[in-house]
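[1] Need coordinates for the following:
(one chain, ligands or ions: 3)
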Amino acid sequence: MKIKHYPGKAVDASLSLDTSSTMGALYEANWLQAHHQHHQSPPAVTPTPTPPQTVRLSRQASSAGSSFLLDGISALSKYQMTLENIRQLESKDQRIVKTIKELNGYRPSALQHHKQQLHNGWVDEQQEELEEQHQQEHLKSNTTAAPSAAAVNHYVLDPTERPRVPRPRQQVSVKPPSLRRSQTMLQQHAPPSYVTLRAPKAKPASPSKSGSNSSSAYSTFSSAAEDRVICQQPQRLMPPPTEPPPAPPIKPRTAKPLSRSQTSVQRYATIRLPHHSSSFCREPMRNEAPTPPTVRRHSLEQALQGLKLEEQQPRQVSPAVSSNGSSKDLNGEGFCIPRPRLIVPVHTYARRRRTGNLKEKSATQEEEEEQQQEGNSDGRVEVSREGKYLSTLSGAKVLGELAILYNCQRTATITAITECNLWAIERQCFQTIMMRTGLIRQAEYTDFLKSVPIFKDLPEDTLIKISDVLEETHYQRGDYIVRQGARGDTFFIISKGKVRVTIKQQDTQEEKFIRMLGKGDFFGEKALQGDDLRTANIICESPDGVSCLVIDRETFNQLISSLDEIKHRYDDEGAMERRKINEEFRDINLTDLRVIATLGVGGFGRVELVQTNGDSSRSFALKQMKKSQIVETRQQQHIMSEKEIMGEANCQFIVKLFKTFKDKKYLYMLMESCLGGELWTILRDKGNFDDATTRFYTACVVEAFDYLHSRNIIYRDLKPENLLLDEKGYVKLVDFGFAKKLQSGRKTWTFCGTPEYVAPEVILNRGHDISADYWSLGVLMFELLTGTPPFTGSDPMRTYNIILKGIDAIEFPRNITRNASNLIKKLCRDNPAERLGYQRGGISEIQKHKWFDGFYWWALQNRTLEPPIKPTVKSVVDTTNFDDYPPDPEGPPPDDVSGWDKDF
Ligand SMILES: Nc1ncnc2c1ncn2[C@@H]1O[C@H](COP(=O)(O)OP(=O)(O)OP(=O)(O)O)[C@@H](O)[C@H]1O
Ligand SMILES: Nc1nc2c(ncn2[C@@H]2O[C@@H]3COP(=O)(O)O[C@H]3[C@H]2O)c(=O)[nH]1
Ligand SMILES: Nc1nc2c(ncn2[C@@H]2O[C@@H]3COP(=O)(O)O[C@H]3[C@H]2O)c(=O)[nH]1
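    Ligands and ions are numbered 1, 2, ... in the order given. Purely as a prediction, here's the structure:
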């Protein structure tokens, strides 16, 4: 019954399409064909064929409908329900109609775009980042590059579809716009087959068996010794059939290229080729039927014009032509073809993406696993392009889908290197399967999302968009799905199983259990909201594994990130504390503050010790900055950045910013007061510090840098003047006027800092990053141990000259121990990449340096370590540790109401 009803539903769905257009008619025909095939024998891909059983197995599978996703009758009824749902949705939302169209063409999602870039170029992650950087730089310098990014939309099958926001990439510009599904459907000449490779488990079937296989949508496909090219792409543009293709001859064939007349019912004889090889798919040779560049250009232009043009001149627009040898687009390294979601999971050439798991398999590990697999099975093919070896595939791998999906020529040559059995699916059947499973999948995901509390109130079309880009991934017990500290750009929703959340403790480095998350819970939002870095570990806990729906950064930003629950669901202690602070100071106004004394004078004004009216138990430091002076020196951006970074920071080695105010003349920052005074004052009074004292203060700075650098924040103004002692004697970093949040892997070029402390790359304007802070740490160590910085000239220019001569030109006084000088020299390397702290082990390499041997880092972090100097602070208003400052001789500055500071 259900089987009988199902094609009716399917046709219903297709009837909602615009059948007046050629595409509409084709979609409908596709559905009808599905119906037809279904009655004959629905497709299947999962059977494990021992050749004599192939037919039986494939029929078994086919009786259950599409075995891509579903099993048995219940699966079919599920499918029916799904279609029913889709129909209901359809009446509610016209966008569904469009979605069905898209699914028929299996339009690649944004995620797939991204993934396929990685996959298709077979580009590694690093390359991708470099490329992205390059692209970004290019975009920065040339905004007219934007239209090329829009070329991504040429994937879109429905030309009326709203364009997606593309990820700017170089490859985009070489993407052949001719890869529209519409064209694919129109040009049905010489369709290649889609092939699944299976290791033969028993003797190959005799050709006579193939007849009995005739009703299957799949055929066992083997290579033959004599004629090795079994599946060959058209070598030149072939005249397209003027009529629908004739019914396929149902007879066995041996080792001939698949031709248009072949259908899925063909079964191929097994070849035995222990020593020779056979080509299944063959990419076009450079010298084969070369297409004049004009033809290519012509066809691309036509394709760009969309379906209308194709309808007028359907035969002339040929992606096959456009992609022939002359093009690097399809066959070259810039190869950019979207992969259908269905195919991706079974392919060996896995796409790399940053899920945020540091320990993703290395290329060698993957190769080893591949080789092991190969060892276990004896059916193997080799993939090559333009004579260059690409990979070896074995055991249940899918190949040959690209050419049939995009009606382009074979993008690689597949050669049998052992005796192989393959299952072939004919183009139309494959497309039908894709369409069906695509629809089912999308509806299932949408249903699931509706059951997830945070998504349930999202509009239907948003849910559909999300479903469209989801990719399902599976993990086994113990797998680290996300690893703390790794970079990640994906968001996860758990669809099955449970995961454990742990966070590494700063002091013990042990992983502390935080919580369990289960079906419907999400994770991975923090890295996407912040600086790319994962803030916790997510470990697969369920014995049966965990399934997650994965969403890329772009979709997350567009559709999900604004949800309140996403923003605050897993607030860490730090974030919670910050929120509490903000809450606590919400009602305090400038007029509530009473000035007690001046603590210091900075570049833009004074820092006053203040108390709130009515609370004498606490004091604060109020930094007031003259707006006119900020504008004069063009420091607006730096001030905004200072506010943002200090306002978010929650680290005991960084002075806390509680609240900001502004009036016509000044900007104000209300901070915690550090009444122990400046480290500079103590150094001035003492002359220099001993090894242990220097170690303590340096360690405090290392902790502050650890906090900042792990968030990709560069400080850029280290010096004893900016290190304040609290009443206990611990130092804290203050003055974030030059601090900057960098994008991961990026540099910055602003020349800033204090002359004695700037790194050579800053002077040379080569671009700098957090490694410049390690340089200044070496300088600080030297100054604390000796009382003067190593690079000191009578004026800044002389100082810079000395810096450029390098640390080796500096004479180290004898009171600097060997270990200390060794560390200073390792921090002050000319080459930023060689500096300790900036290498693989990160800042922990500094902590592990011999000079810190025996230092109680965890006690420092717990604030239980006794500081070397305990300042005398008698009360919350005791300013004796600060110098005296006369009143500002300049008087009040002029008003500035221009509004540049509206976000301060
Ligand atoms: N939170 C604080 N507690 C105590 N004193 C402080 C505090 N913040 C600043 N000061 C004092 O005020 C001085 C100037 O502060 P700060 O360095 O932040 O100002 P600035 O305008 O950025 O200075 P610079 O000219 O060094 O850039 C400090 O050196 C210190 O002596
Ligand atoms: N282009 C390309 N194709 C590959 C690679 N590895 C396997 N293949 C498969 O080789 C097939 C050759 O024919 P298709 O272009 O139809 O589809 C191709 C893919 O399915 C690879 O690294 N690059
Ligand atoms: N930082 C943090 N992350 C948590 C917590 N509970 C769950 N998580 C999730 O763990 C994820 C780890 O990766 P992300 O930092 O991207 O996003 C994080 C959160 O989604 C928690 O208490 N703290």
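[2] where are the low-confidence patches of the protein?
    1-378, 506-508, 531, 744 (pLDDT under 70).
[3] Look through this structure and tell me its longest helix.
    Counting by DSSP state H, the longest helix found in the chain is helix 427-451.
[4] buried sites along that one?
    427-446, 448-449 (16 or more other CB atoms under 10 Å). Any C-beta I mention is one placed from the backbone N, CA and C, and that applies to glycine too.
[5] Please verify my assumption that residue 883 contacts residue 681.
    Yes - with contact defined as CB atoms under 8 Å, residue 883 counts as touching residue 681 (6.9 Å).
[6] on that earlier part again, how about the longest helix of the chain and ligand 2, touching?
    No - contact of helix 427-451 with ligand 2 (CB under 6 Å from any ligand atom) is absent, the minimum separation being 10.5 Å.
[7] What separation is there between the residue lying closest to residue 489 once chain neighbours are set aside and residue 712?
    Among residues not flanking residue 489 along the chain, residue 553 sits closest, at 4.3 Å (CB to CB, 6 or more residues apart in numbering). Between residue 553 and residue 712 the distance is 16 Å, computed by CB to CB, to the nearest Å.
[8] what does residue 575 give?
    17 Å.
[9] Check residue 773 too.
    Taking CB to CB, one finds residue 773 at 12 Å from residue 712.
[10] In terms of neighbours, single out the busier of those two.
    Comparing residue 773 with residue 712 by neighbour count (other CB atoms under 10 Å), the higher total belongs to residue 773, at 29 against 19.
[11] For that one, list the residues it contacts.
    705, 708, 709, 714, 715, 716, 718 (CB atoms under 8 Å, 6 or more residues apart in numbering).
[12] Compile those residues into JSON lines and extend it with columns for neighbour count, distance to ligand 1 and secondary structure.
    Output for the contacts of residue 773, formatted as JSON lines (neighbours: other CB atoms under 10 Å; distance: CB to the nearest ligand atom, whole Å; DSSP: H, G, I helix; E, B strand; the rest coil):
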{"residue": "705", "neighbour count": "24", "distance to ligand 1": "18", "secondary structure": "helix"}
{"residue": "708", "neighbour count": "23", "distance to ligand 1": "16", "secondary structure": "helix"}
{"residue": "709", "neighbour count": "22", "distance to ligand 1": "21", "secondary structure": "helix"}
{"residue": "714", "neighbour count": "22", "distance to ligand 1": "16", "secondary structure": "strand"}
{"residue": "715", "neighbour count": "25", "distance to ligand 1": "12", "secondary structure": "coil"}
{"residue": "716", "neighbour count": "25", "distance to ligand 1": "11", "secondary structure": "coil"}
{"residue": "718", "neighbour count": "26", "distance to ligand 1": "12", "secondary structure": "coil"}
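[13] who are the neighbours in contact with the residue of the stretch 751-900 of the chain found nearest ligand 3?
    Nearest residue of the stretch 751-900 of the chain to ligand 3 (CB to the nearest ligand atom) works out as residue 842 at 17.5 Å. Going by CB under 8 Å, 6+ apart, residue 842 touches residue 709.
[14] Okay, now the sheet partners of the helix or strand containing residue 474, with direction.
    Element membership for residue 474 (DSSP states H and E) is strand 471-475. When pairs are called by DSSP bridges, strand 471-475 turns out to pair with strand 546-552 (antiparallel).
[15] buried set for the lengthiest strand in the chain?
    Counting residues, the longest strand found in the chain (DSSP state E) is strand 615-626. Buried positions in strand 615-626, judged by neighbour count with 16+ other CB under 10 Å: 619, 620, 621, 622, 623, 624, 625, 626.
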